[in-house]
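**Q** 3D, please:
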Amino acid sequence: MTSPTEEISVSTWNSFLKQCRWYGHKDQSLVEVELLASESQGKGRSWSLLQLKFESGNHAIYQVSGIQESLGEAGQIIEDPASEKSLQWLSDLLERDRSSIGSGEFKTVIQNPISSNLGPNHSIECLTGEMSNTLIRLGDGVLLKLYRSLEFGPNPEVLAYDILNREGFKSCPKLYSSLSFKPESSADSLTLALWFEDLGDCDDLWTRFIEPETSDADIQKFATHLGKLTAEFHGIFLKDALSQSVPQQELTVDLAYVETLSRLSTLESRLSGRLKEQVIQLISRKTEIDHLLGTVPEYSFTPIQVHGDYHLGQVLLSEDDERLVVFDFEGEPLARLEDRLQRFSPLKDIASMLRSFSYAQVVGKKEAQWKEGIREAFLDSYIQTALSQKNSSSLLPSDPKQVRSLLRFFELQKAFREMEYELAHRPDWLHVPVSGVLEALIHP
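**A** Now for the predicted structure:
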């Protein structure tokens, strides 16, 4: 039987996908759409896995759910993943361990029983925001995360929540269930969805840090608390790595910054004002940058699972301002799954959060001393907690000064990765990482 989505043209799919905030290939030309799997959800709705092929030769897999089987009046695709039939279809899969269709098999893994009411009368809210996936609030206390861009293999977020939940870590959501699909033609599965604890309408730390109403004393308190809990989940990930006898590693050279400097040099003539001055200054200090990033510091460590995309927007604050909760352990959304599954030094997360403070300073129009105060509160708390933990020597040098020295290396690497992102997606923000590198060079 032919699925209605099989009859949709490539151009119609292309128009639909480019309007979706979760679609990460807007800059590529779509030439072919293949249905890896498709299933009716009832009453004119369907679910599909799309294998996309681009003019560049690249491929990608995306999930769509709640696709209206008849096109809209203007011939456009209409999707509603939060429709009653779509959610009921997912709920039915959740209640079964395995479910086969002609093109493959769905599998559900229950990590923790769902205690909230998900009956027919529960409330439904599709959350908005610049997200690479779709979040749907189900009733009181449950979030459904529908992954959009899919890759074959283990899911880093499931792995992280499994480890942290098992150890009783209270500063992350409880993972309830995960749903995957294994096509007949593949030995590996695709993670489709997670159900996990919803903390309600909480602010994230990014919002609090940039709000003028938030006092400096409160921000210092949040930064201190954040440093402590970050060291705690890194300690749990270390325990897991040691239990698996993960061997120690040395840092390796990453020369991606060289290409970034080359791109900046090419763009320099098209820039103006303060940003042009900063880019010229940055390029003129290439020898110094080569010395800092081309020479790897001596540092042996046990690589651990890390958050991977750690910033203020990934930390929620409870309504009473007492509990911080870290979420979204998926890693950098634009990175390949292979890279997101890699273990790293915990200093990758720390550098990422420090860079987030720099962005908050710019957006919140704060003074430099505001950022320095937050950095110190966060780092003092993190280093003190981390070095007091069992087996800390497997992660960090015992001398806090050496930890801070290493962080300069990690921060510079992160700032250059930010430049690449801003050049590709938000050129108006390029000045933030450029300023960050110059600041690190001038004030080591």
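**Q** which residues touch the biggest strand by length in the chain?
**A** Using DSSP state E, we find that the single longest strand of the chain is strand 30-42. With Cβ atoms under 8 Å, 6 or more residues apart in numbering as the test, strand 30-42 has contacts from 3, 5-6, 8, 10, 13-14, 17, 46-55, 61, 65-66, 69, 83, 85-86, 88-89, 101, 103-104, 181, 183. Yep, even glycine has a C-beta here, placed from its N, CA and C like the rest.
**Q** Equivalent analysis for stretch 421-428, please.
**A** 27, 260, 263, 267, 334, 429, 430, 432, 433.
**Q** Kindly recompute the last result at 6 Å.
**A** Stretch 421-428 is contacted from outside by 429, 430, using Cβ atoms under 6 Å, 6 or more residues apart in numbering.
**Q** What residues of it count as buried?
**A** 422, 423 (16 or more other Cβ atoms under 10 Å).
**Q** which residues touch residue 341?
**A** Residue 341 neighbours (Cβ under 6 Å, 6+ apart): residue 156.
**Q** Please report how far it lies from residue 422.
**A** With distances taken as Cβ to Cβ, to the nearest Å, residue 341 is found 26 Å from residue 422.
**Q** which helices and strands does the longest helix along the chain pack with?
**A** Ranked by number of residues, the top helix in the chain under DSSP state H is helix 216-243. With contacts defined as 3 or more Cβ pairs under 6 Å, 6 or more residues apart in numbering; DSSP states H and E, the secondary structure elements packing on helix 216-243 are helix 368-387.
**Q** The helix it packs on - what's its average pLDDT?
**A** For helix 368-387, mean pLDDT is 97.
**Q** and the helix or strand just after that helix with helix 368-387, angle?
**A** Per DSSP states H and E, the first helix or strand lying C-terminal to helix 368-387 is helix 400-425. Counting by axes from the mean of the first three to the mean of the last three Cα atoms, to 10 degrees, helix 400-425 points 120 degrees away from the direction of helix 368-387.
**Q** quick one: low-confidence parts of the stretch 301-444 of the chain?
**A** 444 (pLDDT under 70).
**Q** Please enumerate the helices of the stretch 251-400 of the chain.
**A** Taking DSSP state H, counting those that start in this stretch to define them, one finds helices in the stretch 251-400 of the chain at 256-267, 273-284, 286-294, 337-340, 347-363, 368-387, 400-425.
**Q** mind checking how far the third one is from the chain centre?
**A** Pointing back at helix 286-294 there. 29 Å (Cα atoms, centre = their mean, to the nearest Å).
**Q** Settle this for me: residue 197 is touching residue 171, isn't it.
**A** No. Residue 197 is not in contact with residue 171 according to Cβ atoms under 6 Å; the separation is 11.8 Å.
**Q** ok so, going back, buried among the contacts of strand 30-42? Make that a PyMOL selection.
**A** To isolate the buried members of the contacts of strand 30-42 in PyMOL, using 16+ other Cβ under 10 Å:
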select buried, resi 3+5+8+13+14+17+46+47+48+49+50+51+52+53+61+65+66+69+83+85+86+89+103+104+181+183
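**Q** Could you tell me the end-to-end distance of stretch 317-330?
**A** One end of stretch 317-330 to the other measures 20 Å (Cα to Cα, to the nearest Å).
**Q** What of stretch 277-293?
**A** Stretch 277-293: ends 22 Å apart by Cα to Cα.
**Q** Please apply the same query to stretch 286-300.
**A** Stretch 286-300 stretches 27 Å from its first residue to its last (Cα to Cα).
**Q** Touching that stretch from outside, list them.
**A** Taking Cβ under 6 Å, 6+ apart as the rule, stretch 286-300 contacts 248, 250, 251, 253, 257, 261, 406, 409, 412.
**Q** so what's the first one up against?
**A** This means residue 248. The contact partners of residue 248, by Cβ under 6 Å, 6+ apart, come to 300, 302.
**Q** One more pass at 7 Å, please.
**A** Residues counted as contacts of residue 248 (Cβ atoms under 7 Å, 6 or more residues apart in numbering) are 300, 301, 302.
**Q** isn't the second one right next to residue 250, touching?
**A** Looking back up the chat, that one is residue 301. No. Under the criterion of Cβ atoms under 7 Å, residue 301 makes no contact with residue 250, lying 8.3 Å away.
**Q** more neighbours, the two?
**A** residue 301 (21 against 10; other Cβ atoms under 10 Å).
**Q** How is this structure divided into domains?
**A** Annotated domains of the chain cover 4-68, 84-197, 203-442 [automatic domain parsing].
**Q** chain center to stretch 316-329: distance?
**A** 16 Å.
**Q** Is the residue nearest to residue 176 when sequence neighbours are not counted within a helix or a strand, and which one?
**A** Closest residue in space to residue 176, ignoring its immediate chain neighbours: residue 195 at 4.3 Å, by Cβ to Cβ, 6 or more residues apart in numbering. Taking DSSP H and E as the definition, residue 195 sits inside strand 190-197.
**Q** Any chance you could list what contacts that strand?
**A** Contact with strand 190-197 is made by 61, 63, 90, 94, 114, 141-147, 150, 152, 155, 157-158, 173-181, as judged by Cβ under 7 Å, 6+ apart.
**Q** and residue 410, what is it in contact with?
**A** With Cβ under 7 Å, 6+ apart, residue 410 has these contacts: 347, 348, 351.
**Q** Fine, thanks again, bye for now.
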